[in-house]
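**Student:** Quick one, what's the 3D model for this:
(2 chains)
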Amino acid sequence: MNNLARIVILVTGLVLLSACGPQTRTDTRKPEVVDHSARGNAGQDTGGNGAATRGLKGQAGVSIGSLDDPSTPLGKKIIYFDYDQSDIKDEYKAIITAHARYLASHPGARVILQGHTDERGSREYNIGLGERRARAVRRMLLLLGVTDGQIKVISYGEERPAQAGHDETAWRRNRRVEIVYTSRQ
Amino acid sequence: MRNPVIALLMLLVMGPAHALLDIEITSGVEGKMPIAIVPFKWNGSGAAPAVNITTIIRNDLYRTGLFRFTPEERFIERPHHGGEVNFRNWQVLGVESLVVGSLQPDGKGGYFVQFQLFDIYSKARVHQPGVPAYKIRQLAGHRLHVAPGKLRLAAHRISDIIYEKLTGRRGAFSQRIAYVTRITIPGKGPRYALRVADSDGHGPFTVHSASAPIMSPAWSPDGKRMAYVSFENGQAAIYVQDLSSGNRKLVSARPGINGAPAWSPDGRMLAVTLSFEGNPEIYLLDLASGALRRMTRNTAIDTEPAFSPDGRYLVFTSDRSGRPQVYRIPVSGGRARRLTFEGRYNASPAYSSDGKSIVMVHHDGTGFRIAVMELSTGQIKVLSKGRLDESPSWAPNDSMVIYAAEYRGRGVLHVVSADGRVSQRLRLQTGDVREPVWEPFRKP
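**Tutor:** Residues are numbered from 1 along each chain as shown, chains lettered A, B, ... in the order given. So this is what the prediction gives:
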């Protein structure tokens, strides 16, 4: 019963995915619709997408590092945030840019952006905050030419802390977005 | 342990399934109503049952913060039914209410329990010639036939009857609590479970468990079903599960957030938080048809909806002002009105059953606390003293609030009387317990 339900959900998910994929590619306005709540970037996404993608192809030779080398921007996959904030701090922009270039030049690559918060405050509000953080990273990736269909967003709120503990030392490591590759090609 | 394999198996078998909540009283102030409970007499051959009815009743009543118990060592007599009571012996102790009782086996593994509640002091109850004093003074007298294994439940029922007779309000000790546990199994990672137990933490059973987070349990108004959020399929999804059969239905798995389910008082709708349209917004989901109605529309986080008892309003958390605050919106549609202005963080609101106040998470400048706000005046009363208190839920008679807290690095539950005077802690031997919700009084 459980297994059957799982299969049904899985199959439904696959059908939805395959239905979404082409739609997303042809309907270039979709990022706009999804992001209409965000500050003043509606309308810029579409144009920005095309331009950035062309630019990236031109820059293919520039080294952004390796996904497996944590000493390079591409090897870093965690973006940290201030308390109750979702603004991307300058120090993390190079990391997101590196992933944007990789994703734009590997159209088959897929990422899940996992949004997380520290444990303070209510749990469902934190689910909202974690999603807001993941969407901030997603928005920057889209502006840098990544296709919407390459990105999935999930918020775990405070449910999956990276570090146990109940002080600022743990909290600052838990306010984060993790870039998780589900496909590298 | 001579046989480590057997010891390990015992641990595995007894582990999470028997994850009992331990109770300790963390702060207590003597209540105003003096009461004496004489230990119930065991009228059977052999040992008395391990379940101590007297202790359960006393603990139930104590948690409300309303009662002052006369200690047993001061008792002059130990009667077990009305005919044995000499009322003067209780008047001299200042006792106002007296409980006596006994139990005996029914011969089929169950019990008969009888008890009486007496009013010792009431001036209205004058002497009547030819009528025994205990009959005049008796407020309640019951004989319960208790099925095997149901002695604890019988004790909670007796507490309910005593509470109602003495306060005029329905007792909520027989109502259960649901909560989420997170227990790490070595080598296997965390295991999440949604559990239901008696209001004092005893007799837990598992509703659902998974290796991915489970969140936001919500009782249906008839107490028969539970809505909750599970991440078991790699994304948040809302399920409704029938508690007796275990059958469950997936009610929302849209892209993005599927969270914060709250039942309408008629049990036909769930208010939920969804983000598939780009931003966390509150929707009403009709359970029969699956139809959605969007209730909020802005760029902020809108979440944690809860219905008013009359079903006409939703309260919810929104950070449209820059920080999380509590708002109210008519279910029929219209503008949201901000309700909280005191404190930089107010969230997770829930109406009391009389609709006159809400309990919520409130940051008072020193920590995340549980507070009650009276809606007519906006006045806030802080009930808790912790640093990371969250997830408050009213007892269905508004006499107590249960919430989650952090204690020595672990998640525990606290039960606090509505006046904040008595507090108890419920915790697991290992792991975290969180997101408690009190079972409502059943609506047909």
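
**Student:** show me the contacts for the closest residue in space to B:Ala212 that isn't next to it in sequence.
**Tutor:** What sits nearest to B:Ala212 in space, not counting adjacent residues and going by C-beta to C-beta, 6 or more residues apart in numbering or on different chains, is B:Phe231, at 4.0 Å. Placement of C-beta: from N, CA and C, glycine included. Contact analysis of B:Phe231 by C-beta atoms under 8 Å, 6 or more residues apart in numbering or on different chains lists A:Tyr156, A:Glu159, B:Ala210, B:Ala212, B:Pro213, B:Ile214, B:Met215, B:Ala237.

**Student:** Switch those over to TSV, and while doing so, append secondary structure and neighbour count to every line.
**Tutor:** Shown next, in TSV, are the contacts of B:Phe231 (DSSP: H, G, I helix; E, B strand; the rest coil; neighbours: other C-beta atoms under 10 Å in any protein chain shown):
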residue	secondary structure	neighbour count
A:Tyr156	strand	22
A:Glu159	coil	25
B:Ala210	strand	15
B:Ala212	coil	17
B:Pro213	coil	21
B:Ile214	strand	26
B:Met215	strand	26
B:Ala237	strand	19
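
**Student:** With respect to B:Gly355, which of those is nearest?
**Tutor:** Nearest to B:Gly355 among the contacts of B:Phe231: B:Met215, at 26.3 Å, using C-beta to C-beta.

**Student:** burial count for the nearest residue to the closest one once chain neighbours are set aside?
**Tutor:** In space, B:Met215 comes closest to B:Val229 once its chain neighbours are excluded; the distance is 4.2 Å by C-beta to C-beta, 6+ apart. For B:Val229, the count of nearby residues is 28 (other C-beta atoms under 10 Å in any protein chain shown).

**Student:** quick one: the helices in the chain?
**Tutor:** Answering for chain A, as no chain was given. Using DSSP state H, the helices of chain A run over A:2-26, A:30-34, A:44-58, A:93-105, A:123-143, A:168-174.

**Student:** ah, no, chain B please
**Tutor:** Taking DSSP H, the helices of chain B run over residues B:4-14, B:53-63, B:87-91, B:133-137, B:151-167.

**Student:** Comparing these, which yields the minimum mean pLDDT?
**Tutor:** Of all these, mean pLDDT reaches its minimum on helix B:4-14 (a mean of 40).

**Student:** thinking again about what came up before, how about the helices of chain B, which one is nearest A:Arg120?
**Tutor:** With C-beta to C-beta as the criterion, A:Arg120 lies closest to helix B:53-63 of those, at 28.0 Å.

**Student:** relative to helix B:151-167, how tilted is the closest one?
**Tutor:** Orientation check (axes from the mean of the first three to the mean of the last three C-alpha atoms, to 10 degrees): helix B:53-63 against helix B:151-167 gives 50 degrees.

**Student:** buried sites along helix B:53-63?
**Tutor:** By 16 or more other C-beta atoms under 10 Å in any protein chain shown, the buried positions in helix B:53-63 come out as B:Ile53, B:Thr54, B:Ile56, B:Ile57, B:Arg58, B:Asn59, B:Asp60, B:Leu61, B:Tyr62, B:Arg63.

**Student:** okay but B:Gly141 is in contact with B:Gln116, surely?
**Tutor:** Yes. At 4.4 Å, B:Gly141 counts as touching B:Gln116 under the criterion of C-beta atoms under 8 Å.

**Student:** which residues are common contacts for the two?
**Tutor:** With C-beta under 8 Å, 6+ apart, B:Gly141 and B:Gln116 have common neighbours B:Gly82.

**Student:** still on that earlier bit, is it possible to get TSV of the helices of chain B that adds distance to B:Tyr403?
**Tutor:** Below are the helices of chain B laid out as TSV (distance: least, C-beta to C-beta, whole Å):
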stretch	distance to B:Tyr403
helix B:4-14	28
helix B:53-63	14
helix B:87-91	37
helix B:133-137	39
helix B:151-167	21
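
**Student:** For whatever residue of the stretch 251-400 of chain B ends up closest to chain A, give me phi and psi.
**Tutor:** Per C-beta to the nearest C-beta, B:Ile301 is where the stretch 251-400 of chain B lies closest to chain A, at 3.5 Å. For B:Ile301, the backbone dihedrals (degrees, to the nearest 10) come out as phi -80, psi 120.

**Student:** Can you name the residues that contact it?
**Tutor:** Here B:Ile301 is in contact with A:Tyr125, A:Gly128, A:Leu129, A:Arg132, B:Asn279, B:Pro280, B:Thr317, B:Ser318, B:Asp319, B:Pro324 (C-beta under 8 Å, 6+ apart).

**Student:** Distance of A:Ile95 relative to A:Met140?
**Tutor:** Distance from A:Ile95 to A:Met140, counting by C-beta to C-beta, to the nearest Å: 10 Å.

**Student:** Comparing those two, which shows the higher neighbour count?
**Tutor:** Applying other C-beta under 10 Å to A:Ile95 and A:Met140 shows that A:Ile95 carries more neighbours, namely 22 against 19.

**Student:** Can you report how many residues neighbour the closest residue in space to B:Lys356 that isn't next to it in sequence?
**Tutor:** Distance criterion C-beta to C-beta, 6+ apart; nearest residue to B:Lys356, sequence neighbours excluded, is B:Leu375 at 6.0 Å. As a burial measure, B:Leu375 scores 16 neighbours (other C-beta under 10 Å).

**Student:** ok, now B:Asp242?
**Tutor:** With other C-beta under 10 Å as criterion, B:Asp242 counts 14.
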